[in-house]
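J.: Below is the sequence, then the predicted model.
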Amino acid sequence: MRDNAEGELSILKNEIYKTTTRLAEYNETLRREKVRLADAMSDISHQLKTPLTSMMVMADLLRDDSLPAGKREEFTARLLAQLERIQWLVSSLLKLSKLDVGTAGMKQETVRLKETVEKAAAPLRIPMELKEQRLVLEGPEEAVFQGDLSWTAEALLNVMKNCMEHTPPGGEVRVEWSDNPLYAQIRISDNGEGIDKADLPHIFTRFYRGKNASGDSVGIGLAMAKSILSQQHGEITVSSERGKGTAFRIRMYKTVI
């Protein structure tokens, strides 16, 4: 049939073409999702394999009745640490799955930036104090944004924790916030080791571990932060220089076009 022909056959041809195109796009989407799921399952199994193997070895050693009391306490402490790591990993993966399928149930409320930052910083105060690191929080009392306090605090916590882990003892992590008619902005910076230039484009990729990643890192925190912020019409960007530190800039837009 000629493409420029008129009549019912030409209309039928166009409808068949549209349906075929939609089906092809749908199949390609399913294929990509299957590949992504397979990669995710591979990454998850890899992250769980190491602590589980370690726990099995320590549990076997603890069965030895002749094991000295000091070693028994040491292995028990290590076993508990690995269990806590697995618990954190499973909890994070559940949160990510909720974000992926859109069932996180995020609220849209007027939230004070200061309250959100302080909620995010609370779990880090003692670890930073032990490392003799300084935490600086600065911003106007009246600054606000539209979003979910708890989920946003979770995102900020992950970014601040990343800064803390890559800042040496005696260093500083600074959190500054402000707002204007267009967006609320939070800047989280440190004076740590910085991020390698080759790693910068990938640090928000799930399960990605950069060259200077800490031993306990699994590459979930920053990916989760980006997902949380994106679902609230926000964005996060990063700039870094080796040896001078890293700065994350978060913007929560007040008007979406």
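T.: Structure received. Please read these numbers as outputs of a predicted model, since none were measured by experiment. Residues are numbered from 1 along each chain as shown.
J.: just checking, next helix/strand downstream of the longest helix along the chain?
T.: When the chain is parsed with DSSP state H, its longest helix is helix 8-62. Using DSSP states H and E, the helix or strand that follows helix 8-62 towards the C-terminus is helix 69-101.
J.: Give me the helices and strands touching that next one, please.
T.: The contact analysis (3 or more CB pairs under 8 Å, 6 or more residues apart in numbering; DSSP states H and E) places helix 69-101 against helix 8-62, helix 221-230. C-beta here means a position set from N, CA and C on the backbone, and glycine is covered the same way.
J.: one step back: run the angle between the longest helix of the chain and helix 69-101 for me.
T.: Per axes from the mean of the first three to the mean of the last three CA atoms, to 10 degrees, the angle that helix 8-62 makes with helix 69-101 is 170 degrees.
J.: Report the rounded mean pLDDT for helix 8-62.
T.: Averaging pLDDT along helix 8-62 gives 81.
J.: out of the helices and strands packed on helix 69-101, deepest packed?
T.: Scoring the helices and strands packed on helix 69-101 by mean neighbour count under mean count of other CB atoms under 10 Å gives helix 221-230 as the most buried, with a mean of 21.
J.: With just CA atoms, put that helix into CSV.
T.: Only the C-alpha atoms of helix 221-230 are listed here, as CSV (Å, rounded to 0.1, in the frame of the first residue of the first chain):
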residue,chain,number,x,y,z
GLY,A,221,24.3,5.6,50.0
LEU,A,222,24.8,8.2,47.3
ALA,A,223,22.6,6.3,44.8
MET,A,224,19.8,6.3,47.3
ALA,A,225,20.3,10.0,48.0
LYS,A,226,20.0,10.8,44.3
SER,A,227,16.8,8.7,44.0
ILE,A,228,15.1,10.3,47.0
LEU,A,229,15.9,13.8,45.8
SER,A,230,14.9,13.1,42.2
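J.: what's next to it, contact-wise?
T.: With contact meaning CB atoms under 8 Å, 6 or more residues apart in numbering, helix 221-230 is reached by 92, 95-96, 99-100, 104, 106, 151-152, 154-156, 158-159, 161-162, 203-208, 235-236, 250, 252.
J.: Since that was my last question, I'll sign off now.
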